[in-house]
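Asker: any chance you could fold what I've pasted below:
(chains A and B)
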Amino acid sequence: MSLVVENRPGVLARVSSCLARRGFNIHSLAVGPTIDPGLSRITVVVESENIEQVKKQLHKLINVIRIFELEPSMAVERETMLIRVAVTGTARTEAIEVANIFKATVVDVGYSSLTFEVTGRPAKLNDLIELLRPFGVVELVKSGRIAIGRAAKSKPSRMRAVG
Amino acid sequence: MTTITGSHSVISSLEHEGVDLIFGIPGGAILPAYDPLYSSPIRHILARHEQGAGHMAAGYAWATGRVGVCVATSGPGATNLVTPLADALMDSVPMVAITGQVPTHAVGNDAFQEAYTVGITMPATKHNYFVTDPDEIPTVIHQAFHLASSGRPGPVLIDLPKDVLNQETEWHPPQDLELPGYKPTLDGHPRRVKEAVEMLAASRRPVLYVGGGIIKSEASEALTRFAEISNIPVVTTLMGRGAIPDSHPLCLGMPGMHGNYTAITSMQKCDVLAAFGVRFDDRVTGDPDHFAVDAKIIHADIDPAEIGKVRAPDVPIVADARRVLTQMIKAWGDRPPVANQEWLDTLREWQTEYPLSYDQQPDGPIKPQFVIEELARVTGGDAILVAGVGQHQMWASQFWGFDQPRRWINSGGLGTMGFAVPAAIGAKAGMPDELVYAVDGDGCFQMTFQELIAAAAHQIPVKVAVFNNGAHGMVKQWQKLFYGGRLSASLLNSEVVDYVKLAEGMGCIGLRAEAPEEVGPILEKSLTIDDRPVVVEMVVDPDEMVFPMVPAGGSNDNVILGPERGD
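Answerer: Okay, the predicted model is just below:
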């Protein structure tokens, strides 16, 4: 789900408290500003059999302005990951080769470690984790998922204002 | 524009909203706001505990239909408001709570009397505010009153740090509400309204299931009119008692855990259940999987989140109850009433077969139901009746006979024991010309009776009938029915308490009835006292239980009727 909320202190607490209070489990949550400084965007992945009820409860929050439910097939989903593996010697090259396939870039090199940055669909990130696991994953940080609805692929029959 | 303090701005804003009465207790952080109050026309009732102030505001709101206002200081003052806020949220009571907070520079430092009020009350309010700029005060207070009273009403809290109250600002009338995320839907979708009317018109065993939403939206007249033109019987929930007069031939009374057989069973057996301003609460539905299984459901409510929360409706309508019922009347047009004579005959048979009953022996102990009926007799039913939570509340709802909206005040959703005394004081303060009679259990009374000191001090002559059965009666009832009669911690040692002396010690009149023949005269005597609060102790049968009863989580098909009916 993607929420457009008022950019005020405490709004994130209201959203997460509402989800917790109603017993919905948060899988991932990402917050950031939008093009309008008065608004923020919260992208939240929740586990629920009744997503309609989740939406309605969130809509009751006064600072929540709009909610979009993003079906995975109808949205572009991305997540960024920073992953540090313990590598020395020849293992370094091997790890970099694996990372290259995933378009992961080296962002930090240590005496006995490499840190990669990679962005992609959540499944891609998980695949990379599995392939790097044998090298020894020292640390892993994920941004949380963000998503945007896919735009129309053909010219609309009639132009209309989209709010 | 003259420069004033944040405190003055608060009081000016309250005056601008038309507030005439507030309930509260001063203290360190809120002290600045009490200074301009000293010279304001707003009357302040000094509660004896902030919980009392909160329930007083709720009682005031229930009785008058206006927003109730309560005030408390930071820390413990604010945390003591949590119960009345949660209560008001559950029962959709329009309230504004104003709390003091430690100065902004001290916030987060565990300062003296600091509590994270906004965080603590977030899930107990419809919305809350932490004000950091005194210039925001007029807009915030205006928004708070709008949020509290519109849409699905509820409590709104405003937390004001002491330095914000002391800073200089200007007061200007609030202009814009600026609430882009808040636009309640008031009118029902015409197509849905048409579907609802057609579904009801074609039904044979329809029932209207109505609740607090009818009272809040002042929809009683529209409801009664719609019931009459369609000839559809009505059940009124605990929150909706009085929505249609109990004396009306189409009114079946209260459904639910302690509802009457006919009201409960009418819902179980109906073919169309049309719900207005209700939320399919578990006390009404029992086990939802066995609730009205054959019925098609029409559900109209102002809160979209209530629609489909418990039961997916066939016709969902998001709307204000009064507006949608008015639309229904119009859409019904000149259709004939529903062809439901057979259904109405069946309901009459049930009413005759399974009435609410109790057995008052002339030389036996006082039956609490008898007290309610005697109270209705001596007052002619012309009173605002207030109750707490438990057995006494159920008996009051069952045996009073409500003929008008806003004349029945009690704690429904949260089930807040101790609600009655302060709520009655708030109701009487708001409606001084009305007789306000609270019935209370002894367990409830012992939670909040100190507010009677406030009532005596402010000359608010409420009357309280305390049902002394020496126990947390409903707890005891469950222990007798479901825990093998092991009365664990439910007895109150009533021999310790002298309610007459207690009343007198608080500046009230204390009366006592110990035998059935004393009940009527004592209640009549209580009506002659109007210069101070009256406490009437009713020494009632300690073994009386509330029936009918559907055990919690059970199916509404299995109504326990009680000992008089062989159960």
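Asker: nearest to chain A within the stretch 251-400 of chain B, name that residue for me.
Answerer: residue B:305 (3.8 Å; Cβ to the nearest Cβ). Heads up, the C-betas are built off the backbone N, CA and C, glycines and all.
Asker: list the contacts for that residue?
Answerer: A:53, A:56-57, A:59-60 (Cβ atoms under 8 Å, 6 or more residues apart in numbering or on different chains).
Asker: what sits closest to it if chain neighbours are left out?
Answerer: Excluding the flanking residues, the one nearest residue B:305 by Cβ to Cβ, 6 or more residues apart in numbering or on different chains is residue A:56, at 3.8 Å.
Asker: what mean pLDDT does the one helix or strand the one you found maps to have?
Answerer: With secondary structure defined by DSSP states H and E, residue A:56 is part of helix A:51-59. Confidence for helix A:51-59, expressed as mean pLDDT, is 93.
Asker: could you say what helices and strands it packs with?
Answerer: Contact partners of helix A:51-59 among helices and strands, from 3 or more Cβ pairs under 8 Å, 6 or more residues apart in numbering or on different chains; DSSP states H and E: helix A:11-21, strand A:64-68.
Asker: show me how far the shortest one is from its chain's centre.
Answerer: With Cα atoms, centre = their mean, to the nearest Å as the basis, the distance from the averaged C-alpha position of strand A:64-68 to the chain average is 18 Å.
Asker: residues contacting the helix or strand just after that strand, please?
Answerer: Counting by DSSP H and E, the next helix or strand C-terminal to strand A:64-68 is strand A:75-86. Applying Cβ under 8 Å, 6+ apart, the external contacts of strand A:75-86 come out as A:28, A:70, A:95, A:104, A:107-108, A:110, A:112-122, A:125, A:128-129, A:132, A:135-150.
Asker: report how many residues lie close to residue 50.
Answerer: Picking chain A for this. The tally of other residues near residue A:50 (other Cβ atoms under 10 Å in any protein chain shown) stands at 13.
Asker: wait, chain B
Answerer: 27.
Asker: and the gap between it and chain A?
Answerer: 23 Å (Cβ to the nearest Cβ, to the nearest Å).
Asker: kindly tell me how buried the closest residue to that residue other than its chain neighbours is, as a neighbour count.
Answerer: Nearest residue to residue B:50 in three dimensions, chain neighbours excluded: residue B:80, at 3.5 Å (Cβ to Cβ, 6+ apart). Close neighbours of residue B:80, defined as other Cβ under 10 Å, add up to 19.
Asker: for stretch A:45-53, which residues meet the burial criterion?
Answerer: Neighbour counts using 16 or more other Cβ atoms under 10 Å in any protein chain shown place A:45-46, A:53 of stretch A:45-53 among the buried residues.
Asker: can you check stretch B:545-563 too?
Answerer: B:545-550, B:555-556, B:559, B:561-562.
Asker: could you report the distance from the closest residue to chain B within chain A to residue A:49?
Answerer: For chain A, the residue closest to chain B is residue A:56, as judged by Cβ to the nearest Cβ, at 3.8 Å. Going from residue A:56 to residue A:49 by Cβ to Cβ, to the nearest Å gives 14 Å.
Asker: over to residue A:137?
Answerer: 33 Å.
Asker: ok, residue B:322 - contacts?
Answerer: Going by Cβ under 8 Å, 6+ apart, the list of residues near residue B:322 reads B:214, B:217-219, B:222.
Asker: try 10 Å this time
Answerer: B:186, B:213-214, B:216-223, B:276-277 (Cβ atoms under 10 Å, 6 or more residues apart in numbering or on different chains).
Asker: which among these end up buried?
Answerer: B:213-214, B:216-217, B:219-220, B:222-223, B:276-277.
Asker: reformat these as a markdown table; add pLDDT and secondary structure.
Answerer: A markdown table is the format used below for the buried ones among the contacts of residue B:322 (pLDDT from 0 to 100; DSSP: H, G, I helix; E, B strand; the rest coil):
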| residue | pLDDT | secondary structure |
| --- | --- | --- |
| B:213 | 98 | helix |
| B:214 | 98 | helix |
| B:216 | 97 | helix |
| B:217 | 98 | coil |
| B:219 | 98 | coil |
| B:220 | 98 | helix |
| B:222 | 98 | helix |
| B:223 | 98 | helix |
| B:276 | 98 | strand |
| B:277 | 98 | coil |
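Asker: ok, so of those, who is nearest residue B:247?
Answerer: Among those, residue B:220 lies closest to residue B:247 (Cβ to Cβ), at 13.5 Å.
Asker: which SS state does residue B:274 fall under?
Answerer: strand (DSSP: H, G, I helix; E, B strand; the rest coil).
Asker: for chain A, what lies in contact range of chain B?
Answerer: A:4-6, A:8-11, A:13-14, A:17-18, A:20-22, A:38-39, A:50, A:52-67 (Cβ under 10 Å from any Cβ of the partner chain).
Asker: what about 6 Å?
Answerer: Residues of chain A found near chain B (Cβ under 6 Å from any Cβ of the partner chain) are A:17, A:21, A:56-57, A:60, A:62-65.
Asker: out of these, which end up buried?
Answerer: A:56-57, A:60, A:62-65.
Asker: got the contact list for the residue nearest the centre of chain A?
Answerer: The residue lying closest to the centre of chain A (Cα atoms, centre = their mean) is residue A:145, at 0.9 Å. For residue A:145, the contact set (Cβ atoms under 6 Å, 6 or more residues apart in numbering or on different chains) comprises A:28, A:45, A:77, A:79.
Asker: same question for residue B:313.
Answerer: Counted by Cβ under 6 Å, 6+ apart, residue B:313 has contacts B:297, B:299.
Asker: count of neighbours near the closest residue to residue B:429 other than its chain neighbours?
Answerer: Counting by Cβ to Cβ, 6+ apart, residue B:429 lies nearest to residue B:460, which is 5.3 Å off, once chain neighbours are set aside. For residue B:460, the number of neighbouring residues by other Cβ under 10 Å comes to 22.
Asker: list the contacts for residue B:460?
Answerer: Counting by Cβ under 6 Å, 6+ apart, residue B:460 has contacts B:425, B:428-429.
Asker: neighbour count for those residues - can I get that in CSV?
Answerer: Shown next, in CSV, are those (neighbours: other Cβ atoms under 10 Å in any protein chain shown):
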residue, neighbour count
B:425, 33
B:428, 28
B:429, 27
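Asker: closest one of those residues to chain A?
Answerer: Nearest member of the contacts of residue B:460 to chain A, counting by Cβ to the nearest Cβ, is residue B:429, at 29.5 Å.
Asker: and the closest one, how far is that from residue B:61?
Answerer: Distance from residue B:429 to residue B:61, by Cβ to Cβ: 11 Å.
Asker: for the lengthiest helix in chain B, buried residues please.
Answerer: Ranked by residue count, the top helix of chain B under DSSP state H comes out as helix B:50-64. Neighbour-count burial for helix B:50-64, counted by 16+ other Cβ under 10 Å, picks out B:50-64.
Asker: which helices and strands does that helix pack with?
Answerer: With contacts defined as 3 or more Cβ pairs under 6 Å, 6 or more residues apart in numbering or on different chains; DSSP states H and E, helix B:50-64 has these neighbours: strand B:21-24, strand B:68-72, helix B:82-90, helix B:420-430.
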